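Enquirer: this one's structure only:
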């Protein structure tokens, strides 16, 4: 019986030996102890002959449906290859490349930050070109500025128009030193300029609207400056009107110190940015000041500077006068017939060097140049800010971000934790003194607040310190004023300084009085839910509300009180009811425990959000068409649905895992794959 089996199997054995001698994989009849159903056991001892056999750990592609290799089919190793192991040289090249990219992120950050600051400078120039003469005309009406509320609104509007509190402050100093109005009338304008300068970082925060969480933090970090300024004005402006606190305090300081004219404050940032910004645009800011002080000869003069260097020459000129009494001096007076002559000195301004910037020979009106620069600077500003945020997110991640957050946002150990905020104020003041602009500093930290590196609680004292830093810069600039303007400039700079000091004393030392933080967080949450609310906030707080108050103040104090008092009473009542609804609703009548009894548009922004979405984002027909087309696609092509994708392994058709395969589909697993960690077939 055994001999018959051996004889029966001998032809099959000969075929196996022939295939092995030819170098093909051994048949699946019996190899390495693996036997398929329907085959006889292998009568020969198993030897390690070095060939790949199905079922072994090395054979991943052998077929279980054939017993003999077909001579016309390609070899198994050519049909499907194992993934190549990365060579050591390629791995080293990849490491070098990644290190080079990480190293280049730092100079790229500095480059984008430099372009960001330059775009802010060009943005300020664009606003001055577009609205500088309007700002000069606003300042020219002294009767309007005598009203404190009107002066406050003028300070806000002018600073928003020129995008620079230093420019508006210099105009005020020139007007006070020229005697056009007093220091008392200038104090409300200084308060208004403090509010207007905070619009820049609010605009910067709008550029992070792509991510809701980043937008919420960035907008809260930007508006904490606005909230602080508005709250300070609401308290200090009535106090100043009633008692003249800031005026009398600054008079004492000016009389106490022996003030002498000194050198200009160092402008460290200007040294770095001016070589680039001067190639784009240069302005003659004396035109705005001249229009504000009443010089009508400058009204038709362009703000775009054409001549950068002018030489002054004095020459003698003989002119005729009506009588000898009009002569400049008896020695320089003579008569020829009936004509009396005298000699006068004539000053001639000779232009020597022409400026070198893009618009020096354009000949375009100031408004057109301003709009061009406004569009270009906003594009550069948005681009640089987005790239800065991307780079900061890639650099400040993982352990690095945790370390930086821990260093910046951690307080001192107990009992010195309260000193941390004041140290942050010192840092903010020092950085603002270095860059010579509070707008630049607050705009630079806004992206850091958005990505979560700086918390809103830490950004608040940094912003307050920035306010102090910009006032110290103004004080040093005032000390460099000429003798006739020194006292007025120094007193106005001190008013700005003490306004911020009193604001800090009101809204920072006691934690429960830090209302700007809570207000800013509320605004941030609102803008994260309704992103259009940020634009509405800018328009209302910096344009509509100041214009409305300005119009009421021009109508007389009776009209302003008659309209403003009921409005303020309604706001106080709503705030009181909201506080009770949050803390103790049981003390309110059942109807007042919520605002649901009012129409939806009076207590919710949802109706307005629906209206704005339908009006601005897409039309109703397009939206409905898109929904219908999506439904039709799902009906016509069921594989596009999530269930169809799961069924057909639509996400990755090249790989089907065990848990993704249908239960009715058999899965073949070859032995040894677990050790090789290869993809299952």
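Expert: Received it, and whenever you're ready, just let me know what you need. This is a predicted model, so every value here is computed, not measured.

Enquirer: Where does pLDDT dip in the stretch 351-500 of the chain?
Expert: Within the stretch 351-500 of the chain, the segments meeting pLDDT under 70 span 351, 396-402, 404, 481-484.

Enquirer: which other helices and strands contact the one helix or strand residue 116 maps to?
Expert: For residue 116, the host element (DSSP states H and E) is helix 88-140. Secondary-structure packing of helix 88-140 (3 or more C-beta pairs under 8 Å, 6 or more residues apart in numbering; DSSP states H and E): helix 148-162, helix 165-177, helix 268-277, helix 286-292, helix 366-395, helix 438-450. Every C-beta, even on glycine, is put in place using the N, C-alpha and C of the backbone.

Enquirer: Adjacent strands (with direction) for the helix or strand that the fourth one is followed by?
Expert: In other words, helix 286-292. Next along the chain after helix 286-292, taking DSSP H and E as the criterion, comes strand 307-321. The pairing partners recorded for strand 307-321 under DSSP bridges are strand 339-354 (antiparallel).

Enquirer: starting at the chain centroid, how far to the strand it pairs with?
Expert: Relative to the centre of its chain, strand 339-354 is centred 53 Å away, using C-alpha atoms, centre = their mean, to the nearest Å.

Enquirer: Just the buried residues of that strand, please?
Expert: 340, 342-343 (16 or more other C-beta atoms under 10 Å).

Enquirer: Contacts made by that strand with the rest, please.
Expert: 306-324, 326-329, 332-335, 360 (C-beta atoms under 8 Å, 6 or more residues apart in numbering).

Enquirer: Buried by neighbour count, from the residues you listed: which ones?
Expert: Going by neighbour count (16+ other C-beta under 10 Å), the contacts of strand 339-354 have 308, 327, 333, 360 buried.

Enquirer: got the angle for the helix holding residue 116 vs helix 366-395?
Expert: If you take axes from the mean of the first three to the mean of the last three C-alpha atoms, to 10 degrees, helix 88-140 sits at 140 degrees to helix 366-395.

Enquirer: Could you pull up the mean pLDDT of helix 88-140?
Expert: Mean pLDDT, computed over helix 88-140, is 79.

Enquirer: Also stretch 572-589?
Expert: So the average pLDDT for stretch 572-589 ends up being 86.

Enquirer: how about it: buried residues?
Expert: Within stretch 572-589, judged by 16+ other C-beta under 10 Å, no residue is buried.

Enquirer: Just checking the distance from that stretch to the centre of its chain.
Expert: 36 Å.

Enquirer: which residues touch it?
Expert: 592-594.

Enquirer: Next: stretch 126-142.
Expert: Residues contacting stretch 126-142 (C-beta under 8 Å, 6+ apart): 144-145, 154, 157-158, 160-164, 167-168, 171-172, 175, 180-181, 281, 283, 285, 287-294, 299, 303-304, 366-367, 369-374, 377.

Enquirer: Just the buried residues of that stretch, please?
Expert: For stretch 126-142, by 16+ other C-beta under 10 Å, it's 126-133, 135-136, 138-140.

Enquirer: re the thing from before, out of the contacts of stretch 572-589, which is most surrounded?
Expert: Within the contacts of stretch 572-589, most neighbours by other C-beta atoms under 10 Å means residue 593, with 15 neighbours.

Enquirer: and residue 358, helix, strand or coil?
Expert: Assigned by DSSP: H, G, I helix; E, B strand; the rest coil, the conformation of residue 358 is coil.

Enquirer: Ramachandran coordinates for it?
Expert: phi -60, psi -30 (degrees, to the nearest 10).

Enquirer: residue contacts, residue 147?
Expert: Residue 147 neighbours (C-beta under 8 Å, 6+ apart): 553-554, 557.

Enquirer: now, which of those residues lie within strands?
Expert: Counting by DSSP state E, no part of those is found in strands.
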